[in-house]
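Enquirer: here you go, sequence then predicted model.
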Amino acid sequence: MFKNILVGMDCTVQSQYSFNDALALAKATGANLKLVHVFSFDEQCELWWLSPLRDENPNYKLLDHLVDRWQTFLNERQEILGQCQAKAAAAGVSAVLDLEPYSGRPGVVLCEVARQWPADLVAVGHHDKLQDKLRDLGELRLGSVSEYVLHNAPCSVLIDHQSSQKETMGNLNPIRHILVAIDASDQSQPVLSKALDLAKATGADLSLLHVRSSPFEGDRPAKMMDEFQAEAKAMGVSIYTEEHPAKFGETVGHNICRFAKDKDVDLILVGRYGLSGLPEVLLGSVSHYVSYHAPCAVLVVQAPGYPKREQYLFA
């Protein structure tokens, strides 16, 4: 179960939705929160010109209104983090504010802070900046925070997707229905175990889905589902299982996302097994597809043995 959850914050609505999801998990699991704000690229460009350190240059005089703008940045950050801290306290969750004025690539900063704390979960929001028809291209854009964190975080990752069906930003996002998809590999086991623990902690219903992508998978997935169903019932967790073939012309990930939408799922669990970067995108990884196309929050569970970096460079 989670002990330390790091939440990456900025001034967007999406980051405050990701905070809501992280808070719901922290409340259910007894985890601690750390809230960290990293200035966005646009803010960094403006702050570079506004930095009071430029007063040291005798050829440059910082105007009073620029100093005020710098202070406004800091006040806005303090206000956002303070509101989230108060909300966590009201929910009975300990939340620490990291007020270090981090700059650099936000994804790199978040991964390094997660490593140093250390965190066992990083929560970030997914910012869709392109239209739906261009969404696949948007996933490949450089500088995506969620993309970097997904592939490089030293721990599991929670990716939030803002949805029109979500509760308002001022409310705690309830976790009522959890979905976990399995395949025929042993790598499904850590995801299954985490899903069962979370369903028990939150009181959520649990759906177990296997999408058959090949006629040669054998009966192993069915046996795993039977074993897991028995374990869930022994723990008093409500569980629903479903197995069906992938529709012609559709990927396994697409089937998982459609199931989640049809069944009103609040949280999907998938695994992270060691692929990273562009090759994972090109290979059409199920976890990668679900992480970016799901209609709800996605928890990417880090499997044992996933390679970890010893250091992330702030740049």
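Expert: Nice, thanks for sending it over.
Enquirer: can you show me the CA trace of stretch 290-301 as CSV?
Expert: The C-alpha atoms that make up stretch 290-301 are tabulated as CSV, following Å, rounded to 0.1, in the frame of the first residue of the first chain:
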residue,chain,number,x,y,z
VAL,A,290,-4.8,3.2,-21.6
SER,A,291,-2.7,5.9,-19.8
TYR,A,292,-3.5,8.5,-22.4
HIS,A,293,-7.0,7.5,-23.7
ALA,A,294,-8.8,6.3,-20.5
PRO,A,295,-12.0,8.1,-19.5
CYS,A,296,-10.9,8.2,-15.9
ALA,A,297,-7.8,8.2,-13.7
VAL,A,298,-5.2,5.6,-14.4
LEU,A,299,-2.8,4.1,-11.8
VAL,A,300,0.3,2.7,-13.5
VAL,A,301,1.7,0.1,-11.1
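Enquirer: now it: mean pLDDT?
Expert: Average pLDDT, stretch 290-301: 91.
Enquirer: what of stretch 73-90?
Expert: Per-residue scores along stretch 73-90 average to 89.
Enquirer: where along the stretch 1-150 of the chain do the strands fall?
Expert: Secondary structure of the stretch 1-150 of the chain (DSSP state E, counting those that start in this stretch): strands located at 4-9, 32-38, 95-102, 121-125.
Enquirer: the shortest one - contacts with which helices or strands?
Expert: Translated: strand 121-125. The contact analysis (3 or more Cβ pairs under 8 Å, 6 or more residues apart in numbering; DSSP states H and E) places strand 121-125 against strand 4-9, helix 13-29, helix 106-116, helix 145-152, strand 156-160. Placement of C-beta: from N, CA and C, glycine included.
Enquirer: and the angle from that strand to strand 32-38?
Expert: 40 degrees (axes from the mean of the first three to the mean of the last three Cα atoms, to 10 degrees).
Enquirer: pairing partners for strand 121-125, with directions?
Expert: strand 4-9 (parallel), strand 156-160 (parallel) (DSSP bridges).
Enquirer: now the angle from that strand to helix 145-152?
Expert: With the same axes, to 10 degrees applied, the angle from strand 121-125 to helix 145-152 works out at 150 degrees.
Enquirer: contacts for strand 121-125?
Expert: For strand 121-125, contacts defined as Cβ atoms under 8 Å, 6 or more residues apart in numbering pick out 2, 4-8, 12, 14-15, 17-19, 21-22, 25, 31, 110-111, 114, 145-146, 149, 153, 155-160, 162, 299.
Enquirer: any of the residues you listed buried? List them.
Expert: Among the contacts of strand 121-125, those buried by neighbour count (16 or more other Cβ atoms under 10 Å) are 2, 4-8, 14-15, 17-19, 21-22, 25, 31, 110-111, 114, 145-146, 149, 153, 155-160, 162, 299.
Enquirer: with residue 203 as the reference, name the closest of the helices and strands packed on strand 121-125.
Expert: Comparison of those against residue 203 by Cβ to Cβ identifies helix 13-29 as nearest, at 8.3 Å.
Enquirer: show me what that closest one is packed up against.
Expert: Judged by 3+ Cβ pairs under 8 Å, 6+ apart, the packing partners of helix 13-29 are strand 4-9, strand 32-38, helix 64-90, strand 121-125, strand 156-160, helix 188-202.
Enquirer: what does that helix contact?
Expert: Against helix 13-29 from outside (Cβ under 8 Å, 6+ apart): 1-2, 5, 7-9, 31-33, 35, 80, 84, 87-88, 91-93, 121, 123-127, 158-160, 162, 166-167, 169, 171-175, 198, 201-202, 267, 297.
Enquirer: below-threshold pLDDT in the stretch 151-300 of the chain: ranges please.
Expert: Residues of the stretch 151-300 of the chain meeting the criterion pLDDT under 70: 162-172, 184, 186, 215-217, 273-284.
Enquirer: A strand includes residue 206, no?
Expert: Yes - judged by DSSP: H, G, I helix; E, B strand; the rest coil, residue 206 forms part of a strand.
Enquirer: what about it, neighbour count?
Expert: 24 (other Cβ atoms under 10 Å).
Enquirer: and what of residue 227?
Expert: 11.
Enquirer: sorry, back to before: dump the strands paired with strand 121-125 into CSV; add distance to residue 248 as well.
Expert: CSV is the format used below for the strands paired with strand 121-125 (distance: least, Cβ to Cβ, whole Å):
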stretch, distance to residue 248
strand 4-9, 39
strand 156-160, 29
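Enquirer: do you know which of the ones you listed lies nearest residue 219?
Expert: In terms of Cβ to Cβ, the element of those nearest to residue 219 is strand 156-160, at 29.8 Å.
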